[in-house]
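J.: Got a predicted structure plus its sequence, pasted below:
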Amino acid sequence: MRISIAEAEGKLAELVKLAERGEEVLLTQTGSPPVRLEIVYPVSEGPDEAYNATAELAEILPLSSKRTPLSPEEKRKLFDEIRRLAPEKGLSPGPDAARSQDFLYDEDGLPK
């Protein structure tokens, strides 16, 4: 279904339901490429396996309900445990911070 953004303004809930049922919903605007509404699932999991990071962190470091800031020792314990669990979960360490902005520069090191 293709619908202009102006027409879609009062029909968002209906359009989301269509997208949830698998129908392609494209929002159009003059002079701009269309935008697609689609369901987004976590990359490593299917729709039935929602990852609950908060529950997993609570197992590692039980947090009080007072929501007080973590002490330096609690932070260190939490980070060490996350680093230990990352390989088991198949998580990569992520990009190297020293090279994370390379896309902004050309081969001579000048801004693009």
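T.: Thanks, I have the structure now. Since we're looking at a predicted model, the values are computed, not measured. Numbering: from 1, shown residues only.
J.: Helix or strand: which one has residue 108?
T.: Using DSSP states H and E, residue 108 maps to neither a helix nor a strand.
J.: cool, and residue 28?
T.: strand 25-29.
J.: which residues make contact with the next helix or strand after that strand from outside it?
T.: Once the chain leaves strand 25-29, the next helix or strand it forms, by DSSP H and E, is strand 32-37. With contacts defined as CB atoms under 8 Å, 6 or more residues apart in numbering, strand 32-37 is touched by 2, 15-16, 18-19, 24-28. Where you see a C-beta, it was placed from the backbone N, CA and C, and this is true even at glycine.
J.: Okay, now the sheet partners of strand 32-37, with direction.
T.: strand 25-29 (antiparallel) (DSSP bridges).
J.: Using neighbour counts, pick out the buried residues of the strand it pairs with.
T.: Of the residues in strand 25-29, 25, 27 count as buried by neighbour count, 16 or more other CB atoms under 10 Å.
J.: Please save the CA atoms from it in PDB.
T.: The C-alpha trace of strand 25-29 is given here as PDB (Å, rounded to 0.1, in the frame of the first residue of the first chain):
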ATOM      1  CA  VAL A  25       3.200   0.000   3.800                       C
ATOM      2  CA  LEU A  26       5.000   2.900   2.000                       C
ATOM      3  CA  LEU A  27       4.600   6.500   3.100                       C
ATOM      4  CA  THR A  28       5.200   8.900   0.300                       C
ATOM      5  CA  GLN A  29       6.000  12.600   0.200                       C
END
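J.: can you start the count at 4 instead of 1 from here on
T.: Shifting the count to begin at 4 puts that one at strand 28-32.
J.: Residues in contact with that strand: which ones?
T.: Under CB under 8 Å, 6+ apart, the answer for strand 28-32 is 4-8, 11, 18, 21-22, 37-41.
J.: Present those as JSON lines; the columns should include distance to residue 90 and pLDDT.
T.: Formatted as JSON lines, the contacts of strand 28-32 follow (distance: CB to CB, whole Å; pLDDT from 0 to 100):
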{"residue": "4", "distance to residue 90": "44", "pLDDT": "89"}
{"residue": "5", "distance to residue 90": "45", "pLDDT": "90"}
{"residue": "6", "distance to residue 90": "46", "pLDDT": "91"}
{"residue": "7", "distance to residue 90": "48", "pLDDT": "90"}
{"residue": "8", "distance to residue 90": "45", "pLDDT": "89"}
{"residue": "11", "distance to residue 90": "45", "pLDDT": "90"}
{"residue": "18", "distance to residue 90": "41", "pLDDT": "91"}
{"residue": "21", "distance to residue 90": "41", "pLDDT": "89"}
{"residue": "22", "distance to residue 90": "36", "pLDDT": "87"}
{"residue": "37", "distance to residue 90": "41", "pLDDT": "88"}
{"residue": "38", "distance to residue 90": "38", "pLDDT": "89"}
{"residue": "39", "distance to residue 90": "35", "pLDDT": "90"}
{"residue": "40", "distance to residue 90": "36", "pLDDT": "88"}
{"residue": "41", "distance to residue 90": "32", "pLDDT": "85"}
